[in-house]
Every structure is written in C-alpha cells, then in structure tokens.
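Q: coordinates only, sequence not included:
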Ligand SMILES: C=C(O[C@@H]1C=C(C(=O)O)C=C[C@H]1O)C(=O)O
C-alpha cells in the first residue's frame, strides 16, 4: 500500500513552533519568507556530480518517483557541494511541515550553548592561510585571476554532541533576517548554519538574488562599528570585489530573464558579526518552466565564494586552500514541484558530528587585499557559529586544548 505523505501547513507557529518539535536527523530550513521542517526520507539521491544537468535529472527522477508513489505535494530539500565534481544530496522528506514568514513577535531570544571543547585545531594553521593569500596576490600579477575566495576551517573535538535544536534557536535569535538551516549529511551528522546570503529565490516567474561581497568585521564600540560600515560603503577595494560578483550574476541571469532590475550600487547590511556590501536583483524568468534548482545550478558558484574568472579561481582554490570544502560554500535549500524554492549559500556554517564540529569561513582576495585582514575577516565570520555554540578561539593561541 502506498504510504501517506502528510504535508502540513503550520502558519501559526513560524518558525519557533516548528523548531520546538525538531528531532534528530530532521531537515530544517528557514528564510525571511518560509520555514520548512522535513522529517524522514521518502526518496533520496546522492548524485554522481553536481553539474546543472545532473541536478536537473536527479530532481526530475525524485519528483517522478514521489508522484508515482502517491506523494501529493513533494518538496525536494538538499545540499549542493561547492565543487561541480562532488556529489549533491537531494531528498524528498517523508513528512514536511511548513510555516509562513516570520513576524516580529516570534523573534524570541535564546541563549548561546555551552559547548565544551576537548581541542580546537585550525586547518590550515593561521600562518599557512596568510601564505595562501600571499600566493594569490602574486597570481594577480602573473595570471588572468582577478579575485579568489580563500577559506579555512577549525576542527573542534567536543566533549558531548552539540544540541542541534538549541543551536538553531540561537542562530534564529542572532540571524533573524537570514537563512538558518540544519540539513542532514548522514546519520546524526548535519551541516548547520546561519547564512546571510541568498543565491536565488523563485516564486512563480519572479526571481530574486541577493549576493554579498566586500565585508568588514563589526566592532563592539558602536561608534567604531558605524565608522566601519561607513568606510565599507566607500571602500574602492570592496566595491570592486562586489561589482565582480554582481556582474557575473547579471551575466548569468540576463539570458534566463525577460526583465532584470539591477540597482545602481550596493547597500550595507549587518549580521551579528559582519558588515557586508549587498545587492538585491529582481527578475522575471523568460521560461517559467525553469525551476529554482535550475536557476541556482546555472549561477553556482558565483565569484562571492569562488572568484573570477571562474576557472582560474577554481584552480587557485584547489592548489592553495589545502582542504576539501564539501558542502561549505555550496548551496542549501528547497524546490517544490512547481519549481518555486530558495537556495542559500552554505556559509557561516559548521559540520556537526557526534564527537566534533568543523567551522568554516572564507574571504574574497583581490589586488590590494592584505593577508592579515583576510585572516581577521575569516576569524570574525567563524565567530557567528563559535559564539552560538559558546566556543572561544583566538588565532594568536591557535591550538586550544581543554
Ligand atoms: C565565503 C564567505 O563569505 C563570502 C565572502 C564575502 C566576502 O569576501 O566579502 C562575503 C560574503 C560571502 O559571499 C564566508 O562567510 O565564509
């Protein structure tokens, strides 16, 4: 007999009510317009690679199978890796709970966790990250490279598993305007984060992209904090870095859109730890059969997480970074059968496993960048997850052991 596939709409309780019921291995994604909680897996696919055609075929297969098995309203949730050569994980949850947009009175404040770390190890070491930035700077003089995003990570061995529900509550309190997620990557493992960056949202034939690039860490002194935001708004280096990203997204979206609104310049937006240059692009799809996943695959990876030109940046990342990004700087999101959906960039996130977590951050390197500033920028970006978990780390004393 066909399994029933309940798809519940829970408008009254977004998103905290949904989170209250979170269980291990649930999939959670919340944006300014919707919250999804997927439970169990009705159908899933680990793709051989993450090329646009492969993703499109996999999504079609998942929807066909779900329909054939009596699933009335299937939604795909998933993780797409940074690298097209790696495997994406797409699945249709057996049960889906949805909640509508957030409202102010739902912005409850939840305390940070008190995670106990056995050890915190930077990978690569801070000095190696600075050397990689230095090497990138020399590539600008000797190759066609204009920008490359270089990342690093912290591996934290924990005394006890991090409580995913408490962590998501904390992330929602500090990142209410962003994209908060926990997507299972294996049994009791997930990629969990609080991304501020929307690659694409599709609602009918309307698409919205919100690239971020050009950043400065925030400061605890309010005057210095405002001075930094004002400095970012007029920083030539950051405006150039931002323009590269917007130009690449416009070039990829134009052929897909009947109309595309491109603002004249970026605005400055805040997260808990960073100021970012931000541009919101809005378009109308020329071909309404193009899904949110299809548009996302056509844009990914943008120079916000890779660089420009794409191939030179990809090669520089492979040779300089020294670790596999996996889903970090990939995409997390959802797509329904009508093609609507949202795909956020998987940043300000961590891999969570029962005995460890791995926190990641990257920064755009352009001519004029300084290794020390990029190190500090990545440290500040990692603080979103470290603060939420209640972990302390300092690059000046990198090998922390409890
Ligand atoms: C790569 C990350 O962030 C990206 C890089 C940014 C930059 O270099 O200014 C800004 C936002 C993101 O597009 C990250 O947060 O890890």
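A: Yes, it's here. A quick note: this is a predicted structure, and the numbers were derived from the prediction, not measured.
Q: quick one: secondary structure of the residue in the stretch 1-150 of the chain positioned nearest to the ligand?
A: The minimum distance from the stretch 1-150 of the chain to the ligand, using C-beta to the nearest ligand atom, falls at residue 149 (5.4 Å). C-beta here means a position set from N, CA and C on the backbone, and glycine is covered the same way. Under DSSP: H, G, I helix; E, B strand; the rest coil, residue 149 falls in the strand class.
Q: pLDDT at it, what is it?
A: Looking at residue 149, its pLDDT is 98.
Q: How many residues are close by it?
A: 29 (other C-beta atoms under 10 Å).
Q: just the one 4 residues further on next, same as before
A: Here the count is done by other C-beta under 10 Å, and residue 153 has 25 residues near it.
Q: Correct me if wrong: it contacts residue 123.
A: Yes: counting by C-beta atoms under 8 Å, residue 153 does reach residue 123; the two are 5.0 Å apart.
Q: Common neighbours of those two, please.
A: Here residue 153 and residue 123 share the contacting residues residue 323, scored by C-beta atoms under 8 Å, 6 or more residues apart in numbering.
Q: beta partners of the residue of the stretch 1-150 of the chain closest to the ligand?
A: residue 364 (DSSP bridges).
Q: now do the one 5 residues further on
A: Residue 154 has the following beta-bridge partners by DSSP bridges: residue 122, residue 359.
Q: contacting residues around it?
A: Residue 154 neighbours (C-beta under 8 Å, 6+ apart): 120, 121, 122, 123, 358, 359, 382, 386, 393.
Q: Including distance to residue 41, pLDDT and neighbour count, could those go into JSON lines?
A: Compiled in JSON lines, those are given as follows (distance: C-beta to C-beta, whole Å; pLDDT from 0 to 100; neighbours: other C-beta atoms under 10 Å):
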{"residue": "120", "distance to residue 41": "33", "pLDDT": "96", "neighbour count": "23"}
{"residue": "121", "distance to residue 41": "33", "pLDDT": "96", "neighbour count": "17"}
{"residue": "122", "distance to residue 41": "34", "pLDDT": "96", "neighbour count": "21"}
{"residue": "123", "distance to residue 41": "31", "pLDDT": "96", "neighbour count": "14"}
{"residue": "358", "distance to residue 41": "24", "pLDDT": "98", "neighbour count": "20"}
{"residue": "359", "distance to residue 41": "27", "pLDDT": "98", "neighbour count": "27"}
{"residue": "382", "distance to residue 41": "31", "pLDDT": "98", "neighbour count": "23"}
{"residue": "386", "distance to residue 41": "31", "pLDDT": "97", "neighbour count": "23"}
{"residue": "393", "distance to residue 41": "34", "pLDDT": "93", "neighbour count": "18"}
